[in-house]
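1. For reference, the sequence and a predicted model appear below.
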Amino acid sequence: MINTFTSYQLISRDITSSLNRVESQPLVNRETDYYRENIGNVKTIEDFVGDERLFRYAMKAHGLEDMAYAKAFMVKALEGGIDDEKSFANSLSDKRYRDFVKTFNFARDGEATTTFYSPTTGTIDKYLRQTLEEDAGKQNEGVRLALYFQRKAGGIKNFYEVLADPALAQVVRTALGFPQALAQADIDKQVDMFKDRIDIADFKDPEKVEEFLKRFTTMWEIENPSYTPNSSIAALFAQPAEFGISTDMLLTIAQMRK
């Protein structure tokens, strides 16, 4: 039996090797090869959403796989770009959409969009990391949450951003020993409670993030003890994962303060 923090460390301490193992999975390797070979042929938004495999790959890379069916919605976001502060993508409280449009910025770069690093190698890197986290979650959701928090921590600017992301909020509440029911409380009060316990600047420090995640995984173990053989992270790469699991991150705060 391997506990949550040890499982997390087994993956994170050599993230390159962990990602290489994910990429070697037959399905992942096949879809990645297709994306790598064909993304450069995409010149328009219509080309992009018209190729189901490319579009779904890109959506999963940005944590939006559950919205891959909503092509009209995504076309509207892509057509508006992000240069106008009032654009559709900028108006959405879930910043994953803005990040997606920033990567595939057809509104600004036109046919040259898919020649840059972010839509090509950058998106492949994101897809592999997303798949790694999903695979980890199939064995232990706490490991997935820890890996996700580790990836996002350095870019967190305020606690409103934490509360706008259900996964980040779950990690923070768990680490602080707060009940998940606290999510129903007034947003400003939640922010004040977080500020009393954490200096958000600590999330910029990798060593402090590791300490925070050790605290989170300890609390996670108390609430979700690792008692089954399947919790062994050794099983993580034993079989290729054909499908990811829902990130359950479509919930966002309607009004997020700056």
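-> Everything's here; your move.
2. and the next element down the chain from the host helix or strand of residue 189?
-> Using DSSP states H and E, residue 189 maps to helix 187-197. Moving toward the C-terminus from helix 187-197, the next helix or strand (DSSP H and E) is helix 206-223.
3. Give me the mean pLDDT for the helix holding residue 189.
-> Averaged across helix 187-197, the pLDDT comes to 95.
4. and it, what does it pack onto?
-> helix 159-164, helix 166-176 (3 or more Cβ pairs under 8 Å, 6 or more residues apart in numbering; DSSP states H and E). Bear in mind the C-beta positions are built from the backbone N, C-alpha and C, glycine included.
5. mind putting these in TSV, distance to residue 125, mean pLDDT and mean neighbour count included?
-> Shown next, in TSV, are the helices and strands packed on helix 187-197 (distance: least, Cβ to Cβ, whole Å; pLDDT from 0 to 100; neighbours: other Cβ atoms under 10 Å):
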stretch	distance to residue 125	mean pLDDT	mean neighbour count
helix 159-164	22	93	22
helix 166-176	20	95	21
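6. Looking at those helices, which is nearest to residue 195?
-> With Cβ to Cβ as the measure, helix 159-164 is the member of those nearest residue 195 (6.6 Å).
7. tell me what the closest one is packed against?
-> helix 166-176, helix 187-197.
8. can you tell which of the ones you listed is closest to residue 158?
-> Each of these has some distance to residue 158 by Cβ to Cβ; the shortest is helix 187-197, at 7.9 Å.
9. Tell me how many other residues crowd the nearest residue to residue 224 once chain neighbours are set aside.
-> Among residues not flanking residue 224 along the chain, residue 142 sits closest, at 6.2 Å (Cβ to Cβ, 6 or more residues apart in numbering). Residues near residue 142, counting by other Cβ atoms under 10 Å, number 28.
10. And the pLDDT at residue 142?
-> At residue 142, pLDDT is 96.
11. same thing with the one 5 residues further on?
-> Confidence at residue 147, expressed as pLDDT, is 97.
12. correct me, but it touches residue 136?
-> Yes - when contacts are counted by Cβ atoms under 8 Å, residue 147 is listed as touching residue 136 (5.9 Å).
13. Show me whatever sits in contact with both of the two.
-> Applying Cβ atoms under 8 Å, 6 or more residues apart in numbering, one finds that residue 147 and residue 136 are jointly contacted by residue 11.
14. Looking at these two, which is more packed in?
-> Between residue 147 and residue 136, counting by other Cβ under 10 Å, residue 136 is the more crowded of the two (26 against 23).
15. related to what we said a few turns ago, and the helices and strands packed on helix 159-164 as CSV, adding distance to residue 46?
-> Below are these laid out as CSV (distance: least, Cβ to Cβ, whole Å):
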stretch, distance to residue 46
helix 166-176, 33
helix 187-197, 39
